[in-house]
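[1] Predicted structure and sequence below. I'll ask about it afterward.
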Amino acid sequence: MSAQEGAVAGERNWGQFVARADFDKLAPLAQALFLQDAMSQLGMTRKEQFAQRIGVSKKCLNKWMARHGTSEFRNMPSMAWKFIGEILAHTAAQS
């Protein structure tokens, strides 16, 4: 694990992470962790359910959750980061 990957693995304040100056550089390393955390916070265990909630196909979600550096991996657009962050913030406010 690189130093960057280590820094990303310890990140759990996703709102602050998205606001970081180096977000574009670090985002690909963190997106699977972010998506797993989001699913957990929303109480979702099935990818199909989560994909439907955020408005993407399961295939798209699988590519976003693939390991960085693999041929399957695709960067998640910053709009998706922000949208999912808004869903999490709204859910937390309702609790």
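    Cool, got the structure. Residues are numbered from 1 along each chain as shown.

[2] Only C-alpha atoms from now on, for both contacts and neighbour counts.
    Will do.

[3] helices and strands of this structure: which one bottoms out on pLDDT?
    helix 3-9 (a mean of 55; mean pLDDT, DSSP states H and E).

[4] and His68, backbone torsions?
    Per-residue torsions, His68: phi -60, psi 130 (degrees, to the nearest 10).

[5] Roughly how far does it sit from Val56?
    19 Å (C-alpha to C-alpha, to the nearest Å).

[6] The least confident helix or strand of the chain: what's the following helix or strand?
    helix 14-19 (DSSP states H and E).

[7] Show me what that following helix is packed against.
    Judged by 3 or more C-alpha pairs under 8 Å, 6 or more residues apart in numbering; DSSP states H and E, the packing partners of helix 14-19 are helix 78-94.

[8] So for the helix it packs on, what gets flagged as buried?
    Under the neighbour-count criterion of 16 or more other C-alpha atoms under 10 Å, helix 78-94 has 81, 84-85, 88 buried.

[9] send the alpha carbons of the lengthiest helix in the chain over as CSV?
    Longest helix in the chain by number of residues (criterion: DSSP state H): helix 23-41. The C-alpha trace of helix 23-41 is given here as CSV (Å, rounded to 0.1, in the frame of the first residue of the first chain):
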residue,chain,number,x,y,z
PHE,A,23,-9.3,15.4,-4.3
ASP,A,24,-8.9,14.7,-8.1
LYS,A,25,-5.6,12.9,-7.5
LEU,A,26,-6.8,10.8,-4.5
ALA,A,27,-10.4,10.2,-5.5
PRO,A,28,-9.7,7.1,-7.6
LEU,A,29,-7.9,5.5,-4.6
ALA,A,30,-10.8,6.1,-2.3
GLN,A,31,-14.0,5.7,-4.3
ALA,A,32,-14.5,1.9,-3.5
LEU,A,33,-14.1,2.6,0.2
PHE,A,34,-16.5,5.6,-0.1
LEU,A,35,-19.1,3.5,-1.9
GLN,A,36,-18.8,0.7,0.6
ASP,A,37,-19.2,3.2,3.5
ALA,A,38,-22.2,4.8,1.8
MET,A,39,-23.9,1.4,1.4
SER,A,40,-23.2,0.6,5.0
GLN,A,41,-24.5,4.0,6.3
